[in-house]
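Asker: Need coordinates for the below:
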Amino acid sequence: MGRGGCVYILTNQTHSVLYIGVTSDIIGRIWDHKNKTYPLSFTARYNCNKLVYYESYAHIEEAIAAEKLLKGGSRNSKIKLIDAFNSKWIDLYEELIKE
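Answerer: Alright, predicted model coming up:
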C-alpha cells in the first residue's frame with residue numbers, strides 16, 4: 001500500500017501569489033516553507049508561507065493528481081476553493097500542528 005499525501009496552497013501576506021504543492025509530510029513541508037529552508041525556491045522569493053488550504057489523500061498518487069488539476073485551473077477557481085475551505089484566509093499551520 002502506498003503512502004498518503006496532501007495537496008496544499010500557500011500564499012503571501014497580501015494574497016497576491018498562490019503556490020500549490022504536494023507532500024507526504026504536510027507539517028514538515030510547511031515548516032520548510034515558513035523557515036525558507038530552500039532560500040532560492042519560488043516560495044522563499046515570493047514570501048509564500050501562509051497555509052490557506054490543504055486536503056489529505058490516502059495515496060500520494062491521488063494528491064499528485066489533485067495538484068495537477070489545481071495547477072491547471074484558473075486563479076479564480078483557486079480563490080473560490082480557498083474561500084469555501086477557509087473564508088477568512090487564516091494561516092492553517094498552527095491548527096494543523098495541534099492535531
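Asker: which residues in the chain form strands?
Answerer: Counting by DSSP state E, the chain has these strands, from start to end: 5-11, 18-23, 50-57.
Asker: can you list these in TSV and add mean neighbour count and distance to Lys80?
Answerer: Glycine gets a C-beta too; all of them are placed from N, C-alpha and C. Compiled in TSV, those are given as follows (neighbours: other CB atoms under 10 Å; distance: least, CB to CB, whole Å):
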stretch	mean neighbour count	distance to Lys80
strand 5-11	24	12
strand 18-23	19	12
strand 50-57	20	11
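Asker: Need those strands in TSV (columns: distance to His33 and mean pLDDT).
Answerer: What follows is those, written out as TSV (distance: least, CB to CB, whole Å; pLDDT from 0 to 100):
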stretch	distance to His33	mean pLDDT
strand 5-11	6	98
strand 18-23	8	98
strand 50-57	8	97
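Asker: As TSV, these with distance to Asp32 would be great.
Answerer: Listed next are these as TSV, based on distance: least, CB to CB, whole Å:
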stretch	distance to Asp32
strand 5-11	11
strand 18-23	9
strand 50-57	12
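Asker: Tell me which of these approaches Leu70 most closely.
Answerer: strand 18-23 (4.9 Å; CB to CB).
Asker: so what does the closest one touch, helix or strand wise?
Answerer: strand 5-11, helix 60-72, helix 75-85 (3 or more CB pairs under 8 Å, 6 or more residues apart in numbering; DSSP states H and E).
Asker: Buried deepest among the ones you listed, which one?
Answerer: strand 5-11 (a mean of 24; mean count of other CB atoms under 10 Å).
Asker: Look up the closest residue to Leu92, ignoring the ones flanking it.
Answerer: Spatially, and ignoring its direct neighbours in sequence, Leu92 is nearest to Leu51 (4.6 Å; CB to CB, 6 or more residues apart in numbering).
Asker: Could you measure from the one you found over to Ile97?
Answerer: Plainly put, Leu51 is 10 Å away from Ile97 if you go by CB to CB, to the nearest Å.
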